[in-house]
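*Asks:* Could you work out the structure for the sequence below:
(2 chains, ligands or ions: 2)
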Amino acid sequence: MSYIKPKFHHPELPVNRLGFTKKEYEGVISTLCSGCGHDSISAAIVQACFEMNIQPHQVAKLSGIGCSSKTPAYFLNNSHGFNSVHGRMPSVATGAVLANRDLMYLGISGDGDSASIGIGQFVHSIRRNLNMTYIVMNNGCYGLTKGQDSATADVGSVSKSGNANQYTAIDLAGLALELGATFVARSFSGDKAQLIPLIKAGMSHHGFALIDVVSPCVTFNNNTGSTKSYDYVREHMEAVDTFDYVPYEKEITIEYKDGEALEVEMHDGSKVYLSKLAKDWDPFNRFSALNKLNESRAGGEILTGLIYIDEQSKDFHEMIHTVEKPLNQLTEQELCPGNEVLQRINDSFR
Amino acid sequence: MQSLNPSVNDFVIRFANVNGTGSASANKMFATSIFKMGIPVTAKNIFPSNIQGLPTWYEVRINDKGYLGRRDGLDIMVCLNPQSIKRDVEAVRPGGYFLYDSTKYLVKEFIREDVHYLGIPMTEICNTSFEDPRYRQLLKNMVYVGALSALLDIEHQVLKDIIHSEFKNKEKLIAPNEQALQMGIDYARKHFDCPLDIRVERRNLNGDSIVMDGNTACALGAIYAGATVAAWYPITPSTSVVSSFEKYANKLRVDKENGLKNFAVVQAEDELSAVGIAIGANWNGARGFTATSGPGLSLMNEFLGLAYFAEIPVVLVDVQRGGPSTGMPTRTQQSDLMMAAYASHGDTKHVLLFPSNPKECFEHTAYAFDLAERLQTPVIVMTDLDLGMNEHLSPPLKWDDKRKYDRGKVLNAEQLEKIEKWGRYLDIDGDGVPYRTLPGTHPIKGAYFTRGSSHDEFARYTEDSHTYVHIMDRLLLKWNTAKKLVYAPQIYNQPSQSSIGILFFGTTTYAALEAIDLLNEEGIKLDALRITAFPFQDSIEKFIQEHKTVFIIEQNRDAQMKKILSNELEIDKRKLISILNYDGTPITANFIHQSISRITTQSLTLQQ
Ligand SMILES: Cc1ncc(C[n+]2csc(CCOP(=O)(O)OP(=O)(O)O)c2C)c(N)n1
Ligand code: SF4
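*Replies:* Ligands and ions are numbered 1, 2, ... in the order given. The predicted structure is shown next:
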């Protein structure tokens, strides 16, 4: 059962530019296990949207099936949500994005959802470069069906049952890079400082933004031997960059020492300042990003941060040349060619 | 030798070609010329599931009375395929004609005493007249069209006009085509008595009719209904629904100034995705649809259950082919009925529409969008390969410019503003259809979480038994509403003239109506009803109850429509006698006629 949270707010809660408190970005109370990484990601989404002054009703949140896919109920109560079928959120999102290009789309999926049953749809939504932020809450296991290994579980990673996984893991960030994704990031549910700006940047990106977030399952996959446990990830995280996100409305006050900062201007005019931790990190280079990703994987490290971005990205609507006005707002006058034209069509069949 | 009864405008001619030799356009030209002479005509492609090299047939029926279903008995065979000669010769009825390429001698075993042979050295004629090897191949087809025009008395000018309009944009092809046509005419006139005893004669029977295939008509229906998102995955025989949609949309729905389109066509990665995209678009307030056939519909099941339970409109066009599994992809059947009616696990039922000619394909598809939005549920337009891919004589398409799209119960911001407490699944009007909201409508009202899991009237997740039962029962109430909104069945012969009834739907209609007339001539009278939609309106139940025996014509093995009728209605199913044809070819009037005739005479004998 989900609960409705009390409406009461403290009068002194901070408000954002729209006059909303953080409460306006929350959802119903989570029913996930306490300590589940997914809840931390929900909290990061709430914080990111609050800080970005997003109108909650201008966001549509879509998901598949799994513990992770339940989370859209736990944030942005005033946004429409769609909990679709297992692994098929990308297609539903594709239809939704086509119907109304003016909203922001947030897709939430699990690693079972995206890397197994739904890998086809995941892959193809990348090819289409839908304008959406796609967050995978990646725990290396199936939470909702009680702990089976998922396709992102690393070789040798030990599940709660004590068995070591035999099969090669699918690295969703690597796969996305390989496929030509225009925004690829990875983070950890326990690292809010990194995750929140990444979500903001993803939401400002014009095109498909993948954020693969390692999100430990405390119930089935947080044991020693698991490579997706809190302890393991904390010990093996390697950030390529830290960064600040600056919405375009604000005066830009961030300063970095010369040579350390890299400015990324987003489609909507907002800016991301990267301060690179990894030497020679170039987030515009797909090949070096892929190399680095593979290297760290081989070394047992988990590479996090903004791994790749293509600022010139052309989204699906631009590729297929749809009109500016959302398709769902077009009227009979704009859509129906009328009987006179139909009579000419008839003539061509006589 | 026995000769056929001389006949004007009443015969069947079949062309046997090799797939990929360019015969399709010549054959079509032949059929079009008959249509343009004002004579009712229908043509069916009988083609293999293969791209090149295999035998393919094109069967044309010409009939003044407008009987345009398939008829048994072949009057003229035009044989251009050495591979299939044996069965092509055998197919001709005694006294019929066999037209063939006599460049090579016909082997003795192919000579029948009771058939007239019309040998024309087509290869030789073309080889001596044309240099280009491609011309030699292609123009052979025009030679036989020319010969037929002399043999059957087709007006020369009609054919010339067709050639001119066909090659409007390829001027240099006009002269050689005309030349080949003329060579055929000259050869036939010189060597045979022209015309034959079967021939055509100008009439004025086609009025303002058109000749169109059902897939094109469905595509136009979607265009006129304002569909903006078409998502699909290629499958025979439904592929041309979306390709025609795209073709017409590119002509009619592109902003001339900036080239921007007010539609989106997505070739999805599979059918799961295709229907998912259509559902996502409808959820977000755009009219989205998909077109598919059996195997694709199988894959769409899970999503159809979601759309049913979460109450999201979506339109599908199912162009049925031979099943099960990959079955016979290029043959026709009506065998997806059960799956379509009850697609997905759990208790589900889906609205189905059964058009039976291109005009209805257009109307049903356009109306499907209104119905889907009005009812917030999937609506499936059920056609088949015969209707979808063959050209049918049909009344012209019509659109009422005053028509407004029925977008169903969608609340806008002002309406939401006035509502105290809105619930996505509250049945305010007592018709089982709740009010929906679209994303982005209102800052604080109307947002909800769509899910296929059990939910209460406010869209909140619940496994409470009472709530679940309440929602499931409301969906049944909605089904009752659907019954009132779908097309009424078409009842022929009122008031009732017989204790025997006959039911049919979709493409069995043509043959059934002809069979009824044939039976009538024999003194067997039938009342007829054509099913046009599921849920079934009460008049169908009444019709069955009012007749002692009811024949039901279907093109599947398991009598699927009969099963659905028995399942849904209070009827004695022992009354329903199935006439089933499931060999992949369109059912014929003779088959229905003979089956019913046999059964009724037997039972009369038994009664005596
Ligand atoms: C077609 C289908 N098959 C199987 C299931 C059962 N199922 C529900 S959730 C799930 C796995 C979820 O794993 P993941 O996506 O990793 O999410 P998590 O629960 O770990 O967050 C499965 C197999 C289903 N709902 N639908
Ligand atoms: S089972 Fe695992 S993934 Fe699911 S809620 Fe519990 S901790 Fe989270």
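*Asks:* just the helices in the stretch 51-200 of chain A please.
*Replies:* Taking DSSP state H, counting those that start in this stretch as the criterion, the stretch 51-200 of chain A carries its helices at A:67-70, A:89-99, A:111-112, A:119-128, A:172-179, A:192-204.
*Asks:* got it, and the stretch 251-350 of chain A?
*Replies:* With helices called from DSSP H, counting those that start in this stretch, the stretch 251-350 of chain A shows them at A:286-298, A:316-320, A:332-335, A:338-347.
*Asks:* With mean neighbour count, distance to chain B and mean pLDDT added, can I get those helices in CSV?
*Replies:* All C-beta spots, glycine's among them, are computed from the backbone N, C-alpha and C. Shown next, in CSV, are the helices of the stretch 251-350 of chain A (neighbours: other C-beta atoms under 10 Å in any protein chain shown; distance: least, C-beta to the nearest C-beta, whole Å; pLDDT from 0 to 100):
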stretch, mean neighbour count, distance to chain B, mean pLDDT
helix A:286-298, 16, 23, 93
helix A:316-320, 17, 6, 97
helix A:332-335, 15, 4, 96
helix A:338-347, 15, 4, 98
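*Asks:* would a markdown table of those with distance to B:Ser49 be doable?
*Replies:* Converted to a markdown table, these look like this (distance: least, C-beta to C-beta, whole Å):
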| stretch | distance to B:Ser49 |
| --- | --- |
| helix A:286-298 | 42 |
| helix A:316-320 | 31 |
| helix A:332-335 | 36 |
| helix A:338-347 | 30 |
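*Asks:* Relative to ligand 2, which of the ones you listed is closest?
*Replies:* helix A:286-298 (23.1 Å; C-beta to the nearest ligand atom).
*Asks:* Report the contact partners of B:Thr236.
*Replies:* Residues near B:Thr236 by C-beta atoms under 8 Å, 6 or more residues apart in numbering or on different chains: B:Ser49, B:Ser293, B:Arg321, B:Pro329, B:Thr330, B:Leu385.
*Asks:* ok so, going back, can you tell me which of the helices of the stretch 51-200 of chain A comes nearest to B:Glu457?
*Replies:* helix A:67-70 (20.4 Å; C-beta to C-beta).
*Asks:* just how off-centre is that closest one within its chain?
*Replies:* Relative to its chain's centre, helix A:67-70 lies at 13 Å (C-alpha atoms, centre = their mean, to the nearest Å).
*Asks:* again with stretch A:308-324
*Replies:* Relative to its parent chain, stretch A:308-324 has a centroid offset of 18 Å by C-alpha atoms, centre = their mean.
*Asks:* do stretch A:216-226 as well
*Replies:* On C-alpha atoms, centre = their mean, the centre of stretch A:216-226 falls 22 Å from the chain's centre.
*Asks:* same question, stretch B:396-411
*Replies:* From the chain centre to the centre of stretch B:396-411 is a distance of 23 Å (C-alpha atoms, centre = their mean).
*Asks:* what are the C-alpha coordinates of that stretch, in CSV please?
*Replies:* Output of stretch B:396-411 as CSV, limited to C-alpha atoms (Å, rounded to 0.1, in the frame of the first residue of the first chain):
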residue,chain,number,x,y,z
PRO,B,396,-16.2,5.9,-53.4
LEU,B,397,-14.8,7.2,-50.1
LYS,B,398,-16.6,10.1,-48.5
TRP,B,399,-15.9,12.5,-45.7
ASP,B,400,-18.3,14.8,-44.0
ASP,B,401,-16.4,18.1,-43.5
LYS,B,402,-18.5,19.0,-40.6
ARG,B,403,-17.4,15.9,-38.7
LYS,B,404,-15.6,16.6,-35.5
TYR,B,405,-13.2,14.0,-34.0
ASP,B,406,-14.6,12.5,-30.8
ARG,B,407,-11.7,12.9,-28.5
GLY,B,408,-13.7,11.3,-25.6
LYS,B,409,-13.7,12.3,-22.0
VAL,B,410,-10.6,14.4,-21.7
LEU,B,411,-10.6,17.1,-19.1
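*Asks:* who's in contact with B:Tyr468?
*Replies:* B:Ser454, B:Thr462.
*Asks:* same question, B:Ser499
*Replies:* So, once contact is read as C-beta under 8 Å, 6+ apart, B:Ser499 ends up touching B:His547, B:Lys548, B:Thr549.
*Asks:* What parts of the stretch 201-350 of chain A come near chain B?
*Replies:* Contact residues (C-beta under 8 Å from any C-beta of the partner chain) of the stretch 201-350 of chain A with chain B: A:320-330, A:332, A:334-339, A:341-343, A:345-346, A:349-350.
*Asks:* hmm, back to that, and A:Gly27, which of the helices of the stretch 251-350 of chain A is closest to it?
*Replies:* A:Gly27 sits nearest to helix A:316-320 of all the helices of the stretch 251-350 of chain A, at 27.8 Å, using C-beta to C-beta.
*Asks:* Check which helices and strands that closest one sits against.
*Replies:* On a contact count with 3 or more C-beta pairs under 8 Å, 6 or more residues apart in numbering or on different chains; DSSP states H and E, helix A:316-320 meets helix A:89-99.
*Asks:* How much space separates B:Asp114 from B:Val89?
*Replies:* 11 Å (C-beta to C-beta, to the nearest Å).
*Asks:* what about the two, which has more around it?
*Replies:* Between B:Asp114 and B:Val89, B:Val89 has the larger neighbour count (other C-beta atoms under 10 Å in any protein chain shown), namely 20 against 12.
*Asks:* does that one sit in a helix or strand, and which one?
*Replies:* Using DSSP states H and E, B:Val89 falls within helix B:85-91.
*Asks:* So in that sheet, which strands flank whichever helix or strand comes after that helix, and in what orientation?
*Replies:* As assigned by DSSP H and E, the chain's next helix or strand after helix B:85-91 is strand B:92-101. The pairing partners recorded for strand B:92-101 under DSSP bridges are strand B:74-79 (parallel), strand B:116-120 (parallel).
*Asks:* How far off centre is strand B:92-101?
*Replies:* With C-alpha atoms, centre = their mean, you get 30 Å for strand B:92-101.
*Asks:* buried set for that strand?
*Replies:* B:Val92, B:Arg93, B:Gly95, B:Gly96, B:Tyr97, B:Phe98, B:Leu99, B:Tyr100, B:Asp101 (16 or more other C-beta atoms under 10 Å in any protein chain shown).
*Asks:* do the same with stretch B:321-339
*Replies:* B:321-323, B:327-337, B:339.
*Asks:* Now do the same contact list for A:Gly35.
*Replies:* A:Val218.
*Asks:* Which per-residue confidence value corresponds to it?
*Replies:* Looking at A:Gly35, its pLDDT stands at 96.
*Asks:* same deal with the one 10 residues further on?
*Replies:* At A:Ile45, the model reports a pLDDT of 98.
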